[in-house]
Each structure stands twice: as C-alpha cells, then as structure tokens.
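Chemist: Need a 3D model of the sequence below.
(4 chains)
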Number of protein chains: 2
Amino acid sequence: MKVVEELRYLVLAIQREGNRLLAAELRPLGITPSQAEVLRVLRDHGPLTLNALGGLLVCETGNSPSRLVDRLVAQGLVKRGIDKVDRRYLALSLTAEGRALHRRIVTAENRLHRTMSTLVAGQPLDETIATLRAVADAFPAGAALARRRDPEYDHALAQER
Amino acid sequence: MKVVEELRYLVLAIQREGNRLLAAELRPLGITPSQAEVLRVLRDHGPLTLNALGGLLVCETGNSPSRLVDRLVAQGLVKRGIDKVDRRYLALSLTAEGRALHRRIVTAENRLHRTMSTLVAGQPLDETIATLRAVADAFPAGAALARRRDPEYDHALAQER
DNA sequence: CGCAAACAGATGACAGGACATACGTGTCGT
DNA sequence: ACGACACGTATGTCCTGTCATCTGTTTGCG
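Modeler: Residues are numbered from 1 along each chain as shown, chains lettered A, B, ... in the order given. Okay, here's the model as predicted:
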C-alpha cells in the first residue's frame, strides 16, 4: 500500500472513531459533534451570518449550514436574528441555554482529549501536527481552522459590513 | 487550543477534503468513495461474508454494510451469493464489471495520491504515519486496516468456517 | 426431538454532508 | 425607476454512517 494511501485510510479511521467517541460523550447532552462545533464557533466568534459561520466550520465546508443551525434553533440553543439593514443576512448567536450547554460540552470534549492524549503519548506530536497542517491548509476546511486561530479575522469580518 | 484538539480538527478537515476530492474523481465512474473501498476489499480479499467485509472496512465500522452492498449489487458490480451450508451467510464477490471498474478506480485514486504527495512533500511522513497508527490501532477501524495489511488474516478467516 | 439462545443479515429512523437549484433581497447600471 | 444581476439563505435529493430493532437461520441443551 502506498504511503499516502495509508495516510488517507488512517485519517479516515481516526476521524470515524474519534467522532463515535465524541458522539457518545455528547449524546447525554442531546447534541451531535457537528452541533457542538457550531456552538463553539458561535461562542468564540460572536454573532455571525450563516456564511461566516460556514467559513469557520470544519464540518460542512461547502454549504451553508442551514439545517445544522435549524436544529439548534429548534432546541433553543441558538438565536436566529435577521439583520435590520440587509434582510438577507442572519445574525446567529447563542442563547443563554446555548452558553450553558457549551460549558458542559467542554467537559465532554475534555474527556475525549484525555483519551487521545494517552494514545499519542511518546509520539512526535508536533511534527505530526505540522505535517497535517501542511495538508489541511491547502483546503477550505483547513483555512477555516486557520481563521479560527487568527484573532484578526473577527475584526476583518466586522469591518466587511 | 489544546494540541490534541487541533489534531482532532485537522484530522476532520483532511478527511472531509480528501473525501470531496476523491468523490469528484470517482463521480464520472458512478460510484462513491465508500463504494470504492468495498470493491477494493472484495478484490483483495476474495469472497467475503457481510460481517467479514465489515471487519475490513474503515468506513462503516460498527454495522453490517448491508445497504452499501445493496447499491453495488444493484449496479451489477458485486455478486451476492448465499452460502449453501449455512444460509445465514452471504458470499460477496466482484462481478466481471466490478473487476473492470476497479481498475479505473485505481487510476482515479492515484490522481488523488499524487495531489496528496505534493502536499506532504518535505514533511516527516513516516513519523506522522507512526503517530496516526498509534491512535488508529486502538480502535476497530484501525484494526480493520491492520488486518488488510496482514496476509495471514485471509487464511484465518477461511479456517474459521 | 423441540425450543431457547446465538448469530448473520436486513430494515427503520435520524442526523450529516454534498450537490444542485429555488427563493427572496439588495445593488447597480442605464 | 426598473430590470438584470449578485448575493445570502433555503430546500430537494441522494448517499452515508450510526443506533436500535426485526427477521430468519442454525446450534445446542434439556
């Protein structure tokens, strides 16, 4: 098996299993890993339009995450306002329940992170991250991650409109 | 952001984008990445029962891939036979069309692999793979990969029944 | 033998992702 | 002012992946 092919299958395997573990941790909270990512991004990056939210999500890269947000609104975790000046834009933000749930999500995610930490113990983690970043940065989903790291980005977003 | 958390999101991003690229390569062939994985495993590991197939797949780890196989049977790419001695078991194998399509799949996958190779050029790929294997091997999906690498496994499977 | 337990697989239900397309709103050129 | 266009969002459709549950087959024990 070619080396990059093994890389591809390893990434697939880890993503699947990590997602299963996280889903199991989050199930008692009534949300899914993708929904948790939305809550996290909304919490960290203030009110966002749907497109801006999509630009910061790793899941659901190509599309507007309309339906993902729908379910969170239905659960009362996200508030979907409409921009007064330009009625095309949404103003998405967490409700009080959303913020409260986010704190419990962090706890659940930390349990997964502890498991992962034991698995990578003794491995060259920094080199691994660098390699994966080199791949991810070439794509929209990787760029979304980079934007989340960049504190300037929120200001640029705010300027834009 | 914690290091293992970044790892988690990087893996997610790469899996998503890799899948999108591969899906685009495979679309002209009328199949999806998951379906391609089934064809590949069936080609490499001879006739399999549904459970044995599931044990070698990285996608669809927990379940029997009934419906995944359904579509391949409907397309005439996979033959679904029934074990004569124990009618609970399936005997899944490629049809002639399935084998022919597999050759075109390899070409499509190679295009993706060339793209990935340029992206990881200059990175410590071996260390990265070792790290990811350490994580993946702790899970069923990783074990599936390990079994695919192990030439003994097919014999063990055959012995079993 | 005869029936419960074990096992392989199928199916129902639901959330996700992806693509294409439709709809509503604002912008801009004329 | 108005009409084409651009843009943000919504929706239809398909396949996937997960869990739970169901069906049908074989095994094995009383």
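Chemist: Tell me which residues touch A:Leu12, please.
Modeler: B:Gln15, B:Gly18, B:Asn19, B:Val58, B:Cys59, B:Ala141 (CB atoms under 8 Å, 6 or more residues apart in numbering or on different chains). In short, each C-beta sits where N, CA and C put it, glycine included.
Chemist: mind listing which of these are in helices?
Modeler: Applying DSSP state H to these, the entries found in helices are B:Gln15, B:Gly18, B:Asn19, B:Ala141.
Chemist: and the contacts of A:Leu12 near chain A, which?
Modeler: B:Gln15, B:Gly18, B:Asn19, B:Val58, B:Cys59, B:Ala141 (CB under 8 Å from any CB of the partner chain).
Chemist: Could I get these in JSON lines, plus columns for pLDDT, neighbour count and distance to DNA strand C?
Modeler: Putting those into JSON lines (pLDDT from 0 to 100; neighbours: other CB atoms under 10 Å in any protein chain shown; distance: CB to the nearest atom of the strand, whole Å) gives the following:
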{"residue": "B:Gln15", "pLDDT": "96", "neighbour count": "22", "distance to DNA strand C": "8"}
{"residue": "B:Gly18", "pLDDT": "96", "neighbour count": "23", "distance to DNA strand C": "9"}
{"residue": "B:Asn19", "pLDDT": "95", "neighbour count": "19", "distance to DNA strand C": "6"}
{"residue": "B:Val58", "pLDDT": "92", "neighbour count": "26", "distance to DNA strand C": "15"}
{"residue": "B:Cys59", "pLDDT": "86", "neighbour count": "21", "distance to DNA strand C": "12"}
{"residue": "B:Ala141", "pLDDT": "90", "neighbour count": "25", "distance to DNA strand C": "15"}
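Chemist: DNA strand D: which of those residues is nearest?
Modeler: Of all the ones next to chain A among the contacts of A:Leu12, B:Cys59 has the smallest distance to DNA strand D: 3.6 Å, by CB to the nearest atom of the strand.
Chemist: Could you tell me which residues make contact with the closest residue to the closest one other than its chain neighbours?
Modeler: Of all residues not flanking B:Cys59 in the chain, B:Ser34 sits nearest, at 4.6 Å (CB to CB, 6 or more residues apart in numbering or on different chains). Applying CB under 8 Å, 6+ apart to B:Ser34 gives the contacts B:Cys59, B:Glu60, B:Leu68.
Chemist: Burial check on A:Pro140, number of neighbours?
Modeler: Neighbour count for A:Pro140, taken as other CB atoms under 10 Å in any protein chain shown: 17.
Chemist: Ok, A:Leu101 next?
Modeler: Other residues lying near A:Leu101 total 23 when counted by other CB under 10 Å.
Chemist: wait, isn't it in contact with A:Ile31?
Modeler: Yes. Using CB atoms under 8 Å, A:Leu101 is in contact with A:Ile31, at 7.2 Å.
Chemist: Which neighbours do the two have in common?
Modeler: Common contact partners of A:Leu101 and A:Ile31 (CB under 8 Å, 6+ apart): A:Leu39, A:Leu77.
Chemist: can you redo the ones next to chain A among the contacts of A:Leu12 as TSV with distance to A:Lys84?
Modeler: Converted to TSV, the ones next to chain A among the contacts of A:Leu12 look like this (distance: CB to CB, whole Å):
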residue	distance to A:Lys84
B:Gln15	39
B:Gly18	41
B:Asn19	39
B:Val58	48
B:Cys59	45
B:Ala141	48
